[in-house]
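# could you look at this predicted model? Sequence included:
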Number of protein chains: 2
Amino acid sequence: MTLFDLTVPQLQKMLRNVDAWLVAAEKHAAAKKFPVENLLGARLAPDQFTLVRQIQTVCDNAKFLPCRLAGKEWPKHEDNETTFEQLHARIAAVQSYLETFKPADFEGADARKITLPWTEGKWMTASEYVIQFALPNFYFHVVVAYEILRHNGVELGKREYIGGIPLKA
Amino acid sequence: MTLFDLTVPQLQKMLRNVDAWLVAAEKHAAAKKFPVENLLGARLAPDQFTLVRQIQTVCDNAKFLPCRLAGKEWPKHEDNETTFEQLHARIAAVQSYLETFKPADFEGADARKITLPWTEGKWMTASEYVIQFALPNFYFHVVVAYEILRHNGVELGKREYIGGIPLKA
C-alpha cells in the first residue's frame, strides 16, 4: 500500500459524499420551505466553526495533504462562500485539483520532513503526518459537517457517510 | 507502510484520547455540580446513538479492525455500561486486547477477503476495508462522541482530539 493509495482516492470519495450531503440539505430546505443558506451559520458549539467554515476546512485539508506529500504549493481559495452553489463550486475546484495528482508525485515522500505552521520548524515523517494528523483532521471536519446537518434535521445516514464500497461477488 | 503501522498504533492513540475526553467530562460535571452520567444519554440527533453507545461503538470498531485483518474472533462485550467508570474499563479492556497484536498477525491480510455482516457474502480487500470503511467508520464514532461532549460544554479542543504528534527537531 502506498501513501497515494491510502489518501487521494479516499479524499476524492469523501468530497463526493460531502457534496451529496449538501444536495440532501438543499432538498430538506426546499421541502421545509426555508432558505438553505440558513444552515451555513449553524454550529454545534459556540466556539467551533460554522457549517460553511467546516466545508471550507474539509476542502483545504483535502488539498494540503497531497501537496505536503508532494512538496507542492497549493492553490489559494478566498473562503468567501455565502451560498450552497459556491460551496459546490469550491468542492468541484478541489476535486479537479486532486485529479492532477499521480502516484509518481508521492515518490520520495517517505524521505520528506513534513512541517506544519504550528510545529515551529519541527517535523514528522510523511507516514506520521498522514496517519496521526492529516487523516484524523480531515475526518474531523467531515464528520462535524455531517453532524451539523444531522442535528438540523437533514436526512442522512451511515450509507451516505461511507459512500459506495467496491464489493466483489 | 504496512496495514499494521496504519492501524493498530493509531487506534490505541485515539482510544487514549477518547479516554482523556471522558476525564475532561468528569471534571466538567464536577465543576458544574451535575452527575456526569447525565451525559451518557446525550445525542445530537434523535435517530443517532447516545454518547454511551458511541463509546461502545468506538471500542467495537477498534477491535473489529485488527481481528478482521488477522482473521481472528473478537472478544465479546456486553454493552451494559451505565457509568463513566465502566466506560473507562471498557476502553482499557480493548487497549489490553490491542496490545496483543503484532505486525506478524497481519501477514497475509492482503490476500484475505474481508466480509461484513451486511455485505451478504460479497467481499473487499483488506486495504479497501481499512481505507474506505474501517478507518472512516472508526473516526465517525470518535468524532461524534467528541461533538456530543463539546455540544454539552465539555472543554476540549483540537489538541485533545489529535493527541501528541512525534515531532522531531
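Perfect, I can see it now. The model shown is predicted, which means the values in this text are computed figures rather than measured ones. Residues are numbered from 1 along each chain as shown, chains lettered A, B, ... in the order given.
# excluding covalently adjacent residues, which one is nearest to A:A20?
A:E160 (6.4 Å; CB to CB, 6 or more residues apart in numbering or on different chains). In this view, the C-beta of every residue, glycine as well, is placed from N, C-alpha and C.
# repeat for A:K63
A:W74 (4.6 Å).
# which neighbouring elements make contact with the helix or strand hosting the residue nearest to A:A20?
For A:E160, the enclosing helix or strand under DSSP states H and E is helix A:158-162. Helices and strands touching helix A:158-162, by 3 or more CB pairs under 8 Å, 6 or more residues apart in numbering or on different chains; DSSP states H and E, are helix A:3-32, helix B:135-151.
# just name the most buried of these.
helix B:135-151 (a mean of 23; mean count of other CB atoms under 10 Å in any protein chain shown).
# local confidence estimate at the residue nearest to A:L116 when sequence neighbours are not counted?
Nearest non-adjacent residue to A:L116, counting by CB to CB, 6+ apart: A:F133, 7.4 Å away. pLDDT for A:F133: 98.
# could you do A:C59 as well?
Confidence at A:C59, expressed as pLDDT, is 98.
# repeat for A:N17
On the pLDDT scale, A:N17 gets 98.
# surely it and A:G163 touch.
Yes - if you go by CB atoms under 8 Å, A:N17 and A:G163 touch, sitting 4.6 Å apart.
# circling back: which ones are touching the residue nearest to A:K63?
A:K63, A:F64, A:C67, A:Y97 (CB atoms under 8 Å, 6 or more residues apart in numbering or on different chains).
# now, the residues you listed that are in helices?
A:K63, A:F64, A:C67, A:Y97 (DSSP state H).
# of these, which is the most crowded?
Using other CB atoms under 10 Å in any protein chain shown as the neighbour criterion, A:K63 leads these with 20 neighbours.
# how confident is the prediction for the nearest residue to A:M14 once chain neighbours are set aside, by pLDDT?
The shortest distance from A:M14 to any residue other than its chain neighbours is 5.6 Å, reached at A:V142 (CB to CB, 6+ apart). Here, the pLDDT recorded for A:V142 equals 99.
# try A:D110
Reading off the model, A:D110 has pLDDT 88.
# just give me the residue right at the centre of chain A.
Relative to the mean C-alpha position of chain A, the nearest C-alpha, by CA atoms, centre = their mean, is the one of A:V58, at 2.9 Å.
# CA atoms only: put whatever helix or strand that residue lives in into CSV for me.
A:V58 is located in helix A:51-70, with elements delineated by DSSP H and E. Extracted C-alpha coordinates of helix A:51-70, given in CSV (Å, rounded to 0.1, in the frame of the first residue of the first chain):
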residue,chain,number,x,y,z
LEU,A,51,-21.0,24.7,8.6
VAL,A,52,-19.6,26.9,5.9
ARG,A,53,-16.2,27.0,7.6
GLN,A,54,-16.3,23.3,8.2
ILE,A,55,-16.8,22.7,4.4
GLN,A,56,-14.0,25.2,3.6
THR,A,57,-11.7,23.4,6.0
VAL,A,58,-12.6,20.0,4.6
CYS,A,59,-11.7,21.3,1.1
ASP,A,60,-8.4,22.8,2.5
ASN,A,61,-7.4,19.7,4.2
ALA,A,62,-8.0,17.7,1.1
LYS,A,63,-5.6,19.8,-0.9
PHE,A,64,-3.0,20.3,1.9
LEU,A,65,-2.5,16.5,2.3
PRO,A,66,-1.3,15.7,-1.2
CYS,A,67,0.6,19.0,-1.6
ARG,A,68,2.6,18.4,1.6
LEU,A,69,3.4,14.8,0.5
ALA,A,70,4.4,16.0,-3.0
